[in-house]
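Participant: sequence first, then the predicted structure, then my questions.
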Amino acid sequence: MENKNDLIANFITEQLEDIPNILNEELSFNQKKYNTRLEFYELTNHIKNFRNKNNTNRFIVLPGLRGVGKTTLLYQIYEYLLSQKINPNQILYLSCEQLNNITDYNLTDVVDIFLKTQHNTTMRLLDKEIYLLIDESQYSQNWVLSGKIIYDKSNRIFMIFTGSSALNLENNADAARRMIKNEITPLNYSEHLKLKYNINIEKLSKTLRNILFNQKISHITECERKINNILINNPAYTSNDWNDYFKFGGFPAYFKEINHRILLKKIVDMTERVINVDMTNIKNFTIENQINANRLLRYLSLQRSSDVSQVKLSKELNTSQSNIKNILNILEKTHLIYHLEAYGTSTKRISKAYKYYFATSSIKNALSTITGNTMKNTSEYEGILLENLVASTLNNIKKQENHYFTIYYDSNKKNNVDFLLQEEFKNPIPIEVGIGKKDKKQIKYAMNYYDSPYGIIVSNTTFNIEKKDDVIYIPPKTFSYL
């Protein structure tokens, strides 16, 4: 029987031989190459710097929900390295999940075996560039410590770790100082268009984002017109694509699936795997709390994104408030959900309950549909989904672009709007969201109350961006371009 080191050495040899031969199959469909996410170019810039002897940023961590395209991204980086004339035996793609099925292991030992068997050297004596592409890292115990050790032992090794959002649950202060962590989020609609149809509107989207903090819309409306013309003139683009994205989208792994019932099931299965698989490694996260976490997600999916009372939740789930707080905190770290605070003083922000949203409107739609959504008014239901889409779009803009603004919810009891956006030292911009006829009563009240220069209504009230007095109307589809 082979010993553990031999099993690992054989696995490494198979990976080195197999991966270059399967790249074309993994990176194309119907003989068409998959398009690349923005993160691909960020990673290749890090690699270029590394090759130019800038060895600081060589420990990259890419957490993200299942299905957002992390494995495909690693394969694309592998292909890029080959295109740069990097010898294939200097690139090791490693799936921790696959290796788990063979033997128990430590990632540091795996790298030691790789360097010894393939390069006859050690980390400290390494005299060439090595690239480690580590997929499904959450299946490797102490992967963070291994990354830190490898980083410290050799500045000739460039590492990318991908894995489920459970990677965010790891906390190692020493490693955190060495790594760059960049969450791979579900696709916004612009990214969806690029990856699915090769429609690139990124530059126009960036211009459109100016509408959030600039009430001059003449050049914004021109951007909207250009984008709509690009879609109309693309023969592959279908008129129902946006509605499908709205209710089932965000996950490139599901592009090939057109059956809505199967799409719903895949999204629900993804959330359950986060809880029942990824979160099982958390200390003291019991089977009872896995059940509570699943129930809590379903409870949130049926709410109108109202502020969530932990007292009420503890009674609903028959568990303590402190346990509810712990479960919500862990779910946020996996990026299935996130919260907004109430606008106001620091005291008000602390005392008021949080308002929770899902990472995508499609997750909320899938969970509420599977759970049994009893809402009969389609417009009201789609308005609730649209509120989640607007919240997640704003949240992603803030994270990806490093914009200096904060998103709040409006906790006023009278005529409150859905969101308030505030740049530093400026009055907040109110945003109201809805499907169907939307008057200006709420937005006008908020503008007067907060002394806002203008307000924004995201609604299908208009077909195009319009400004009426000091209120800007944005159609839902146009807002998703942001």
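Facilitator: Looks like it came in fine.
Participant: what comes up buried for the helix or strand bottoming out on mean pLDDT in the chain?
Facilitator: Lowest on mean pLDDT, DSSP states H and E among the helices and strands of the chain sits helix 173-176, with a mean of 76. Buried residues in helix 173-176, defined by neighbour count with 16 or more other CB atoms under 10 Å: Ala175. To be clear about C-beta, it is placed using only N, CA and C from the backbone, and glycine gets the same treatment.
Participant: same check on stretch 457-466?
Facilitator: Using 16+ other CB under 10 Å as the test for burial, stretch 457-466 gives 457-461, 465.
Participant: related to what we said a few turns ago, what's the following helix or strand after the least confident helix or strand of the chain?
Facilitator: Tracing the chain past helix 173-176, the next element assigned as helix or strand by DSSP states H and E is strand 180-181.
Participant: the closest residue to Ser95 other than its chain neighbours: neighbour count?
Facilitator: Counting by CB to CB, 6 or more residues apart in numbering, Asp135 is the residue found nearest to Ser95 once chain neighbours are left out, at 4.7 Å. Residues lying near Asp135 (other CB atoms under 10 Å) number 21.
Participant: swap in Asn172?
Facilitator: The number of residues packed near Asn172 is 15, by other CB under 10 Å.
Participant: now do the phi/psi pair for the nearest residue to it once chain neighbours are set aside.
Facilitator: The shortest distance from Asn172 to any residue that is not its chain neighbour, by CB to CB, 6+ apart, is 4.5 Å, and that residue is Val144. Main-chain torsions, Val144, degrees, to the nearest 10: phi -60, psi -50.
Participant: I figured Val144 was touching Arg177, is that so?
Facilitator: No: Val144 is beyond contact range of Arg177, at 11.8 Å (criterion: CB atoms under 8 Å).
Participant: more crowded one of those two?
Facilitator: More neighbours sit around Val144 than around the other of Val144 and Arg177, counting by other CB under 10 Å; the figures are 23 against 9.
Participant: any idea how far that one lies from Leu23?
Facilitator: 28 Å (CB to CB, to the nearest Å).
Participant: returning to what we had before: out of the buried residues of stretch 457-466, who's nearest Leu394?
Facilitator: Proximity of the buried residues of stretch 457-466 to Leu394 (CB to CB) peaks at Val458, which lies at 10.4 Å.
Participant: tell me how far that closest one lies from Val390.
Facilitator: Counting by CB to CB, the gap from Val458 to Val390 is 5 Å.
Participant: torsion angles phi and psi at the nearest residue to Glu387 once chain neighbours are set aside?
Facilitator: Here the nearest residue to Glu387 in space, its sequence neighbours aside, is Val433; by CB to CB, 6+ apart that works out to 4.6 Å. Recorded main-chain torsions at Val433 are phi -130, psi 140, according to degrees, to the nearest 10.
Participant: contacts only, for Val433.
Facilitator: When the contact criterion is CB atoms under 8 Å, 6 or more residues apart in numbering, the partners of Val433 are 383, 386-387, 390, 418-419, 457-459.
Participant: over to Ala175?
Facilitator: Applying CB under 8 Å, 6+ apart, we find Ala175 in contact with 59, 144-145, 147-148.
Participant: so can I have TSV of those residues showing secondary structure and pLDDT?
Facilitator: Putting these into TSV (DSSP: H, G, I helix; E, B strand; the rest coil; pLDDT from 0 to 100) gives the following:
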residue	secondary structure	pLDDT
Phe59	strand	95
Val144	helix	90
Leu145	helix	90
Gly147	helix	93
Lys148	helix	93
